[in-house]
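In: Sequence first, then the predicted structure, then my questions.
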Amino acid sequence: MRSIAKIMATARELWPLYLTVVIGAVATSATALLTPFVIARATDTVIDIAEGRGGTVADLMWLAVILLIIALANSAITNVSGYFGDLMSVRLRAILSANYYRKLLRLPQRYYDNELTGTIISRLNRSITSITDFLQTFSNGFFPTVITLLAVLVITAFYSPWLSVLLIVIYPTFVWLTALTSKKWQVWEKQKNDHYDISGGRFSEVIGQMRVVKSFVTERRELDSFRGHYRDAVDLTRRQSRFWHTMDMWRRGALDLVFFGIYAIIFWQTATGQYSVGTMVLLIQLTTMARMPVTSMSYWVDMTQRAVAGSLEYFKVMDEADEPNNPLEAAPSAEVQWVDSDPVVEFDDVSFGYGDGDDLVLRDIDLTVNRGERIAFVGESGGGKTTLVNLIMKLYPVTSGTVRVHGQSVDDVPTAELRREIGVVFQDANLFSGTIRENMAYGQDDVTDEQLAVAARRANAMTFISHLHGGFDTEIGERGIKLSGGQKQRLSVARALLKDAPILILDEATSSLDTKSERAVQAGLEELMEGRTTLIIAHRLSTISTVDRIVTLRDGRIDEIGTPAELATTGGIYAELLALQGSTRKADKARLLRYDITQ
Ligand SMILES: Nc1ncnc2c1ncn2[C@@H]1O[C@H](COP(=O)(O)OP(=O)(O)OP(=O)(O)O)[C@@H](O)[C@H]1O
């Protein structure tokens, strides 16, 4: 419950709504409690009329009118307070969801390496839905119930202390019995949620890569695995629900016995003349009112358990450590004064491993990249080229050593400022749904049509854009699915051009492009590299031959550094690749592929 209180504190600006809902609940209960008194009075009046002891039909009609007024007032208050309850719930959802999203945007890359997108989404939905549903139902139903209950206890105590004692004993006992059951219930619930998370994660992966699924004809396999998880969840629910309802039967059986005692006392005391018939009717109504919350207690406990589990999941994510210096977290800092110094990028004895106990992916890297230089990294696939550039962007903290940009350690400069200095063209174009304009201007404010056109022209993208029906306003579909590979690449080059960062990281698109598209993309890249310091993760020998220096990596260490001409003669990795170039032998081609090199 503490976690739910913490959730409410997170959204403390909603206090006027919380308060309104509680006031509404008190008013609802107050009106509901009046009814039994009026009915008791009506019962006594009917008996008085029947026995000729006074009272008139007009009196009864007035009582009926009072009942009507109470009912109308009750439904008006219930609905007004329901409205505020709905509002509270939806605003709470908005706050919690935005906080969750904000947190996700602040988490380090490492978090995403270990989680599936769909799992994150399904966890978000479940935790927030369970919390808001609980609070909505709670506010609309729980307070009226508790208040009614307290009033019933006080009123029954006035007529019969024994009845009150019995009623007082029921609630804690029932809650205690329910809580006993709930522990086991929660273990099953967690297992079920794991199944939902895994299948949800896979679900979104499959939907996002439908072309792969279709091409490998794995529809049935994917569906079977999805169904398997749901089948397991159904099996777990069978056990969970059987257990819960069996225990509930026992609980309710015990409850029925207590209520049997209560009714027996009421009937007996009426029969012995201690209560009038009206009082008996009043007490029966009050007892019935008191019984209702007990029977709905299982539902409350069930909802509470879900909400507690949901809020724990919510805080598990919220308590994850932020990426240091994340743009959303860091206070706006004074703009970094980048010193226009050489080298632009520097690795000073850098070693790096992805996990705590994992082997190092990079070891003792010492490297300087000068202004305007084009430098290409060559190494076996999985050799650490991407990792190297990830460290420049501070996507992971180095294990030891220092990475410097413009002479400053990346650890010392605000992450946003650092990343603004670096343009990246990824191997996959990584576009978003939306228009070409939105994609090109991603991350930039107030990009004019002219700037768009210039960037598109330089990226060699203008011709295809102008042939599209909507021009820059053409929707390109999820991740740009409506465009060809080469078109997507050219858009991502145009996007980097508009970002206009002095340092450029280029993860070359590989063989996915045909020669013509490749040439078109390359022309755009040449424009983009003009005047920038460029680090290229090389996948083509043609690109490598024109760079200023090549860095070859072997077993996570720098093997050689030199100009293409120098390295062509040393007998190292580059020389070997050059020799293999153009070879038609299968073994040679395989060797090139091991280095991620397409000819
Ligand atoms: N997020 C990650 N978590 C754990 N290990 C990783 C992660 N990313 C990469 N690795 C590992 O680090 C090593 C280097 O990977 P990296 O992506 O840097 O290689 P690469 O040289 O760029 O390969 P390629 O050219 O095939 O893209 C690989 O062994 C890989 O398995």
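Out: Done, it's in.
In: going forward, measure contacts between C-alpha atoms and count neighbours the same way
Out: Fine.
In: Assign Ala376 to helix, strand or coil.
Out: strand (DSSP: H, G, I helix; E, B strand; the rest coil).
In: Please tell me how far it sits from Thr119.
Out: For Ala376, the distance to Thr119 equals 37 Å [CA to CA, to the nearest Å].
In: try Arg238
Out: Arg238 is 24 Å from Thr119, by CA to CA.
In: go on, Leu180?
Out: From Leu180 to Thr119 the distance is 30 Å (CA to CA).
In: Which residues does stretch 49-67 contact?
Out: 35, 38, 42, 45-46, 48 (CA atoms under 8 Å, 6 or more residues apart in numbering).
In: returning to what we had before: same drill for Ala376 and Thr119, tell me which one is more crowded.
Out: Ala376 (28 against 21; other CA atoms under 10 Å).
In: Okay, and which of the contacts of stretch 49-67 map to helices?
Out: 35, 38, 42, 45-46, 48 (DSSP state H).
In: Please check these and keep the buried ones.
Out: Buried by 16 or more other CA atoms under 10 Å: 35, 38, 42, 45-46, out of those.
In: Tell me where the model's unsure across the stretch 451-599 of the chain.
Out: 509-517, 582, 596-599 (pLDDT under 70).
In: Helices along that one, start to end?
Out: Remark: helices assigned in the stretch 451-599 of the chain by DSSP state H, counting those that start in this stretch are 462-467, 485-499, 515-529, 541-544, 564-567, 573-580, 586-594.
In: quick one, which of the ones you listed is packed in tightest?
Out: helix 485-499 (a mean of 26; mean count of other CA atoms under 10 Å).
In: okay, the angle between it and helix 515-529?
Out: 10 degrees (axes from the mean of the first three to the mean of the last three CA atoms, to 10 degrees).
In: Pull helix 485-499 out as CSV, backbone CA atoms only.
Out: C-alpha atoms of helix 485-499 as CSV (Å, rounded to 0.1, in the frame of the first residue of the first chain):
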residue,chain,number,x,y,z
GLY,A,485,16.9,1.3,-49.0
GLY,A,486,18.9,3.9,-51.0
GLN,A,487,16.2,6.5,-50.6
LYS,A,488,16.1,6.0,-46.8
GLN,A,489,19.9,6.3,-46.7
ARG,A,490,19.8,9.5,-48.6
LEU,A,491,17.2,10.9,-46.3
SER,A,492,19.3,10.0,-43.3
VAL,A,493,22.3,11.8,-45.0
ALA,A,494,20.1,14.8,-45.5
ARG,A,495,19.0,14.7,-41.9
ALA,A,496,22.7,14.7,-40.8
LEU,A,497,23.4,17.6,-43.2
LEU,A,498,20.7,19.6,-41.5
LYS,A,499,22.1,18.8,-38.1
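In: And it, what does it pack against?
Out: strand 422-425, helix 436-440, helix 449-458, helix 515-529 (3 or more CA pairs under 8 Å, 6 or more residues apart in numbering; DSSP states H and E).
In: Show me what the second one packs onto, helices and strands only.
Out: This points to helix 436-440. Counting by 3+ CA pairs under 8 Å, 6+ apart, the packing neighbours recorded for helix 436-440 are helix 485-499.
In: Go ahead and measure how far the helix it packs on is from the middle of the chain.
Out: Relative to the centre of its chain, helix 485-499 is centred 29 Å away, using CA atoms, centre = their mean, to the nearest Å.
In: ok, the residue of the stretch 401-550 of the chain found nearest the ligand - contacts?
Out: Proximity of the stretch 401-550 of the chain to the ligand (CA to the nearest ligand atom) peaks at Ile537, 7.4 Å away. Going by CA under 8 Å, 6+ apart, Ile537 touches 376-378, 385-386, 505-508.
In: From the contacts of stretch 49-67, pick the one nearest Leu135.
Out: Thr35 (27.6 Å; CA to CA).
In: Surely that closest one and Leu72 touch.
Out: No - using CA atoms under 8 Å, Thr35 makes no contact with Leu72, being 11.8 Å away.
In: mind listing the helices for the stretch 251-400 of the chain?
Out: Taking DSSP H, counting those that start in this stretch as the test, the helices found in the stretch 251-400 of the chain are 277-295, 297-318, 385-392.
In: Mind checking these for the one nearest to the ligand?
Out: Using CA to the nearest ligand atom, the helices of the stretch 251-400 of the chain put helix 385-392 closest to the ligand, at 3.6 Å.
In: Could you list the buried residues of that closest one?
Out: Neighbour counts over helix 385-392 (16+ other CA under 10 Å) mark 385-389, 391-392 as buried.
In: Next, give me the two most distant ones among the residues you listed.
Out: Lys385 and Ile392, at 11.5 Å, using CA to CA across the buried residues of helix 385-392.
In: Kindly reformat the helices of the stretch 451-599 of the chain as TSV containing distance to the ligand.
Out: What follows is the helices of the stretch 451-599 of the chain, written out as TSV (distance: least, CA to the nearest ligand atom, whole Å):
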stretch	distance to the ligand
helix 462-467	29
helix 485-499	17
helix 515-529	18
helix 541-544	14
helix 564-567	19
helix 573-580	14
helix 586-594	8
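In: and of those, who's closest to Asn125?
Out: Evaluated with CA to CA, the helices of the stretch 451-599 of the chain place helix 485-499 nearest to Asn125, the distance being 32.1 Å.
In: So what's the residue count around the residue lying closest to Ala321 once chain neighbours are set aside?
Out: Closest residue to Ala321 apart from its sequence neighbours, by CA to CA, 6 or more residues apart in numbering: Leu107 at 6.9 Å. The local packing of Leu107 (other CA under 10 Å) involves 19 other residues.
In: what's the answer for Asp428, then?
Out: 16.
In: tell me the phi and psi of it?
Out: For Asp428, the backbone dihedrals (degrees, to the nearest 10) come out as phi -90, psi 140.
In: what's the distance between it and Leu528?
Out: 17 Å.
In: do Gly85 as well
Out: 55 Å.
In: what does Val187 give?
Out: 56 Å.
In: And Pro414, its phi and psi?
Out: Pro414 adopts backbone torsions of phi -60, psi 140, taken as degrees, to the nearest 10.
In: One more: Gly556?
Out: According to degrees, to the nearest 10, Gly556 has phi 80, psi 0.
In: What's the local residue count around Asp356?
Out: 8.
In: Quickly note the distance from it to the ligand.
Out: Remark: distance between Asp356 and the ligand (CA to the nearest ligand atom, to the nearest Å) = 10 Å.
In: picking that back up, of all the buried ones among the ones in helices among the contacts of stretch 49-67, which comes closest to the ligand?
Out: Distances from the ligand to those, taken by CA to the nearest ligand atom, are shortest for Thr35, at 65.8 Å.
In: okay, the closest residue to that closest one other than its chain neighbours: pLDDT?
Out: Distance criterion CA to CA, 6+ apart; nearest residue to Thr35, sequence neighbours excluded, is Leu67 at 6.5 Å. Reported pLDDT at Leu67 in the predicted model: 94.
In: helix or strand for Leu67, which one?
Out: helix 57-106 (DSSP states H and E).
In: any idea of the angle that helix forms with helix 297-318?
Out: Going by the same axes, to 10 degrees, helix 57-106 makes 20 degrees with helix 297-318.
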